[in-house]
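> What would the 3D arrangement of this be:
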Amino acid sequence: MLAKTFGCAVFGVSANLITIETHVGQGSKCYLVGLPDSTIKESIQRVESALKNNGFFFPRRKVIVNLAPADIRKEGSAYDLPIALSILEASEQVELKGLDHFAIMGELALDGTIRPIKGALPIAVEAQNRGIKKLILPKENALEAAIVDGLEVYGLSHLRETIQFIRGKLAIEPLQVDIPSLFNQSHEEFEVDFSQVQGQENVKRAFEIAAAGGHNLIMIGPPGAGKTMLAKRLPTILPPFSLAEALEVTKIHSVAGKLMGKHALLTHRPFRSPHHTISNAALVGGGSFPQPGEISLAHHGVLFLDELPEFNRNALEVMRQPLEDRKVHISRAKWSLEFPANFMLVASMNPCPCGYYNHPSKDCVCGPGQVQRYLNRISGPLLDRIDMHIEIVPVPFDKMQAKHSSETSEQLRSRVLKARKIQQERFIPFPKIHSNAMMSSTQVNTFCNLDGASQQLLSIAMNKLQLSARAFDKIRKVARTIADLAGEEEIQATHIAEAIAYRNLDRENWAG
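Below you'll find the predicted structure:
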């Protein structure tokens, strides 16, 4: 007898519909075909044990399980549940009417418990796009899949429960998620706030500009100056997610297995802070089973690289193209895919190995040339792609003890939102551009016109600092954001001067 159901193969941040066909006939062997990997081949042992432990048996006849289309590589353990159900139907142990109306995915434990899987959201999106109305998933994954409209999602926890449900002997209601209510309730709740930061007003101003224009930023300062503390508060002043952005980011985290029943929808912009020992593949994505890297997990959010010179130089260099293209292409001999990577890079570093170069009260003990060698761990092309360089000095004790209140994240965010609204109206003809930092050179020339005084000031800076053409565009983009925050239609010389001031590492002999 032949039985059929459906599943999905996750590849990148999308999925392909897979038909699971099972035929039981004369013979004595089991064949699993359709380009399964070793994990799927091992599913026969898991399925056999799960069936026996729940009062069923694995057929001692010829069993052919086909995963179609046969030219797509299938990977992972999520096919256990649909294979087990199709075998029960094909061997006529249980009558499962309407099995081919479902998309089903889940890993089986030996006792029949259904374990969670990765990529539930793209699986749900693909099932809905292909006209399938019912989706069975592990209970831990059902919440994230339920945000897809027009799809009945059932979260189940055991093989026997699934059989009873498909047979109509167990009534289970599809999971419902009120997306607008969930989205509106929690997208402005944060555990940290800029009001908790005493002093560092110039750095807060730089963070406000970076948030308003989506600019990359690097902080240079001694240990304990507050670099990490400030970076962690940047998401609190970024514009809240749109629903489309939230769905896009949730899909990436679903593929990476970062949700697992915790959230139906990510409502805060992600903040990723990988350790400096991270590998190239972990940072940008890839691997034998392609997974999104940290730059994709930070999509529409912040990627914070603490102690930037301590990162492997090769790992940093692979970020250069994604910083420009805002996506990463991963190609291998047999496959090619694309992960989104539209993130804000925020980095921090000490000015020297001991950490106290240019410190107002402590002496640097580094030898001659040691400071420059330390800075040279970061390549010029990478620094050139960072819009703003900020030098941070420690906050004096009297300021740390001051009782006056600092501006809150809500106050800063209100100004950021006004500037972003100006940019939104400016870029209506360009639907793929959402902030000043995303402008191309052509758009910079269109929207960042300079008057005579501004051109002269920028010309002097270019010649004195020997800046590149990319830095020339970066300064104009930052100046455009400063003008937006001030509500000015034209860029003025004061805006250019402030933008130039955020190029600390371009200053001649900055490191002695």
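
> So, low pLDDT: which residues of the stretch 251-400 of the chain?
Low-confidence segments of the stretch 251-400 of the chain (pLDDT under 70): 260-262, 397-400.

> Now do the helices in it.
280-284, 294-297, 313-317, 320-325, 370-375, 380-384, 397-400 (DSSP state H, counting those that start in this stretch).

> Would you convert those helices into TSV that also reports mean neighbour count?
Bear in mind the C-beta positions are built from the backbone N, C-alpha and C, glycine included. Conversion of these to TSV gives the following (neighbours: other Cβ atoms under 10 Å):
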stretch	mean neighbour count
helix 280-284	19
helix 294-297	26
helix 313-317	15
helix 320-325	16
helix 370-375	17
helix 380-384	15
helix 397-400	10
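
> can I assume residue 151 is in contact with residue 127?
Yes. In this structure residue 151 lies within contact range of residue 127 using Cβ atoms under 8 Å: 6.3 Å.

> Quick check: neighbours shared by those two?
Residues touching both residue 151 and residue 127 (Cβ atoms under 8 Å, 6 or more residues apart in numbering): residue 135.

> More neighbours: which of the two?
Set side by side, residue 151 and residue 127 show more neighbours around residue 127, with 26 against 19, by other Cβ atoms under 10 Å.

> Please report how far the residue nearest in space to the middle of the chain lies from residue 306.
Of all residues in the chain, the one closest to the mean position by Cα atoms, centre = their mean is residue 297, 2.0 Å from it. Remark: distance between residue 297 and residue 306 (Cβ to Cβ, to the nearest Å) = 16 Å.

> Domain map for the chain?
Domain segmentation of the chain under automatic domain parsing yields 2-166, 186-427.

> Single out the most deeply packed of the ones you listed.
Neighbour counts (mean count of other Cβ atoms under 10 Å) averaged over each of those peak at domain 2-166, with a mean of 20.

> ok now that one, how far from the chain's centre?
28 Å (Cα atoms, centre = their mean, to the nearest Å).

> Now that domain: average pLDDT?
Across domain 2-166, pLDDT averages out at 94.

> where exactly do the strands run in the stretch 301-450 of the chain?
Along the stretch 301-450 of the chain, counting by DSSP state E, counting those that start in this stretch, strands occupy 302-305, 327-331, 336-340, 344-349, 388-391.

> do you know which of these lies nearest residue 76?
For residue 76, the closest of these is strand 336-340, at 15.8 Å, according to Cβ to Cβ.

> who's in contact with that closest one?
Contacts of strand 336-340 (Cβ under 8 Å, 6+ apart): 11-13, 248, 252, 285, 290, 292-293, 295-296, 299, 326-330.

> could you redo the helices of the stretch 251-400 of the chain as TSV and give each row distance to residue 231?
Output for the helices of the stretch 251-400 of the chain, formatted as TSV (distance: least, Cβ to Cβ, whole Å):
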stretch	distance to residue 231
helix 280-284	17
helix 294-297	15
helix 313-317	17
helix 320-325	17
helix 370-375	20
helix 380-384	18
helix 397-400	19
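
> Quick one, which of the ones you listed gets closest to residue 133.
Closest among the helices of the stretch 251-400 of the chain, using Cβ to Cβ: helix 294-297, at 30.5 Å.

> So in terms of bridging, what pairs with residue 391?
residue 220 (DSSP bridges).

> residues in contact with it?
Counting by Cβ under 8 Å, 6+ apart, residue 391 has contacts 219, 220, 221, 351, 358, 504.

> coming back round to it: tell me which of the strands of the stretch 301-450 of the chain lies nearest to residue 462.
Comparing these by Cβ to Cβ, strand 388-391 comes nearest, at 15.9 Å.

> Tell me how far that closest one lies from the chain's centre.
Centre to centre, stretch against its chain (Cα atoms, centre = their mean), the figure for strand 388-391 is 25 Å.

> export it as PDB, just CAs?
C-alpha atoms of strand 388-391 as PDB (Å, rounded to 0.1, in the frame of the first residue of the first chain):
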ATOM      1  CA  MET A 388      32.300  57.000  13.100                       C
ATOM      2  CA  HIS A 389      35.400  56.700  15.300                       C
ATOM      3  CA  ILE A 390      34.900  57.900  18.900                       C
ATOM      4  CA  GLU A 391      37.500  58.300  21.500                       C
END
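
> Could I get the contacting residues of residue 245?
Here residue 245 is in contact with residue 300 (Cβ under 8 Å, 6+ apart).

> can you list the strands of the stretch 301-450 of the chain in TSV and add distance to residue 135?
Formatted as TSV, the strands of the stretch 301-450 of the chain follow (distance: least, Cβ to Cβ, whole Å):
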stretch	distance to residue 135
strand 302-305	33
strand 327-331	28
strand 336-340	24
strand 344-349	35
strand 388-391	45
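
> OK, contacts around residue 234?
207, 210, 211, 271, 302, 344, 346.

> which residues are contacting the host helix or strand of the third one?
Read that as residue 211. When elements are defined using DSSP states H and E, residue 211 is found to belong to helix 201-213. For helix 201-213, contacts defined as Cβ under 8 Å, 6+ apart pick out 194, 197, 215-217, 219, 226, 230, 233-234, 237-239, 344, 346, 387-388, 390, 392, 406-407, 412-413, 415-416, 419-420, 423, 435-437, 477-478, 480-482, 484-485, 502.

> how about it as CSV, C-alpha atoms only?
Taking Å, rounded to 0.1, in the frame of the first residue of the first chain, the C-alpha atoms of helix 201-213 are listed here in CSV:
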residue,chain,number,x,y,z
GLU,A,201,27.6,63.2,26.9
ASN,A,202,29.7,63.4,23.7
VAL,A,203,29.6,59.6,23.3
LYS,A,204,25.8,59.6,23.8
ARG,A,205,25.6,62.3,21.1
ALA,A,206,27.6,60.0,18.8
PHE,A,207,25.3,57.0,19.6
GLU,A,208,22.3,59.2,18.8
ILE,A,209,23.7,60.1,15.4
ALA,A,210,24.6,56.5,14.7
ALA,A,211,21.1,55.3,15.6
ALA,A,212,19.4,58.0,13.6
GLY,A,213,21.4,57.2,10.4
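
> Going forward, the N-terminal residue is numbered 23.
Sounds good: first residue 23 from here, last item helix 223-235.

> Run the angle between it and strand 366-371 for me.
Computed by axes from the mean of the first three to the mean of the last three Cα atoms, to 10 degrees, the angle separating helix 223-235 from strand 366-371 equals 150 degrees.

> after the lengthiest strand in the chain comes which helix or strand?
The strand that spans the most residues within the chain, counting by DSSP state E, is strand 36-47. Next along the chain after strand 36-47, taking DSSP H and E as the criterion, comes strand 52-55.

> Pairing partners for that following strand, with directions?
Strand 52-55 sits in its sheet next to strand 84-90 (parallel), going by DSSP bridges.

> ok, of the contacts of residue 256, which one's closest to residue 165?
Relative to residue 165, the closest of those is residue 293; by Cβ to Cβ it sits at 22.0 Å.

> Take the contacts of helix 223-235 and keep only those in helices.
Secondary structure from DSSP state H places 252, 434-435, 437-438, 441-442, 445, 499-500, 502-504, 506-507 of the contacts of helix 223-235 in helices.

> picking that back up, distance to residue 494 added to the domains of the chain, as a markdown table?
Below are the domains of the chain laid out as a markdown table (distance: least, Cβ to Cβ, whole Å):
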| stretch | distance to residue 494 |
| --- | --- |
| domain 24-188 | 35 |
| domain 208-449 | 11 |
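
> Residue 492 is nearest to which of these?
Judging those by Cβ to Cβ, what sits closest to residue 492 is domain 208-449, at 5.2 Å.

> Now do that closest one: distance to the chain's middle.
The answer for domain 208-449 is 12 Å, by Cα atoms, centre = their mean.
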